[in-house]
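Q: dropping the sequence and predicted coords here.
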Amino acid sequence: MAKVYGLTGSIGMGKSAVAAMFVKAGVPVFDADAEVHRLQGPGGHALPAIEAAFPGTTGPLGLDRAKLGAIVFAHPHRRKELEAIIHPMVQEGRRRFLRLYRSRPLVILDIPLLFETHGERRLDGVIVVTAPAWKQRRRVLARPGMTQGKFRSILRLQAPDALKRRRADHIIDTGTSFHRTRGQVRALLACLRGKAGR
């Protein structure tokens, strides 16, 4: 049975880059964000339920993120409605992933809101990706369409980085060079594979 580790980190911390390093090293990684995009893309399974709850937010190209975002931003309490649609579908995708890779020594679940949704409870460990706040801010504000206000709103939805680091079993610091970050990933992977007995 595979050992299952959670990978998380706040926006702009470099989690996607670290996840890609694990994939390149041959570790199966379940990407919760990618699963959400599939569910909300053209023909996505979540579209009918989203359209029923938020009329006019979907079409042939899938979810209109700007329209839905405007609704949720104006009525924050409606986020729970959206989560009630999406979360069970993502969980089912995760179950399929775990069944598919159950014979591997270890797998990683890339879950941005891991602690916020108490998803760490059934894992063998949690890996937190972190970076200095100034670097996080610079990375995020360089993204197309990002504003100071959007950044602050996103941060309010996420547990503070300091809390995540305190609760982590393993930490990857991306505030350094790509080469050093990759070295951290390789060292951690050797450790995890050793624990898994492979």
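A: Thanks, I have it. As the structure is a computational prediction, the values presented were derived from the model and not from experiment.
Q: any regions of this protein where pLDDT drops low?
A: Within the chain, the segments meeting pLDDT under 70 span 197-198.
Q: please enumerate the strands of this protein.
A: For the chain, the strands defined by DSSP state E occupy 3-8, 29-31, 58-59, 62-63, 106-110, 125-130, 170-173.
Q: ok, which of those strands comes nearest Lys164?
A: Nearest to Lys164, of all these, is strand 125-130, at 4.7 Å by Cβ to Cβ. C-betas here are computed from N, CA, C, even on glycine.
Q: what's the angle between that closest one and strand 106-110?
A: 50 degrees (axes from the mean of the first three to the mean of the last three Cα atoms, to 10 degrees).
Q: and Gly41, how many neighbours does it have?
A: Number of residues near Gly41 (other Cβ atoms under 10 Å) recorded here: 14.
Q: residues contacting Ile154?
A: Ile11, Val140 (Cβ atoms under 8 Å, 6 or more residues apart in numbering).
Q: now it: how far from Gly9?
A: Per Cβ to Cβ, to the nearest Å, Ile154 is found 13 Å from Gly9.
Q: need the phi and psi values for Gln158.
A: Gln158 adopts backbone torsions of phi -110, psi 140, taken as degrees, to the nearest 10.
Q: next up, phi/psi of the nearest residue to it once chain neighbours are set aside, please.
A: Among residues not flanking Gln158 along the chain, Ser10 sits closest, at 4.9 Å (Cβ to Cβ, 6 or more residues apart in numbering). Torsion angles at Ser10 (phi, psi; degrees, to the nearest 10) stand at phi -70, psi 170.
Q: the one 4 residues further on now?
A: Its backbone dihedrals place Gly14 at phi 100, psi 20, with angles given as degrees, to the nearest 10.
Q: does it really touch Ser177, like I thought?
A: No: the criterion here is Cβ atoms under 8 Å, and Gly14 misses it with Ser177 at 11.6 Å.
Q: of these two, which one has the most company?
A: Gly14 (21 against 9).
Q: show me the contacts for that one.
A: Val129, Ala131, Arg139, Ile172, Thr174, Thr181.
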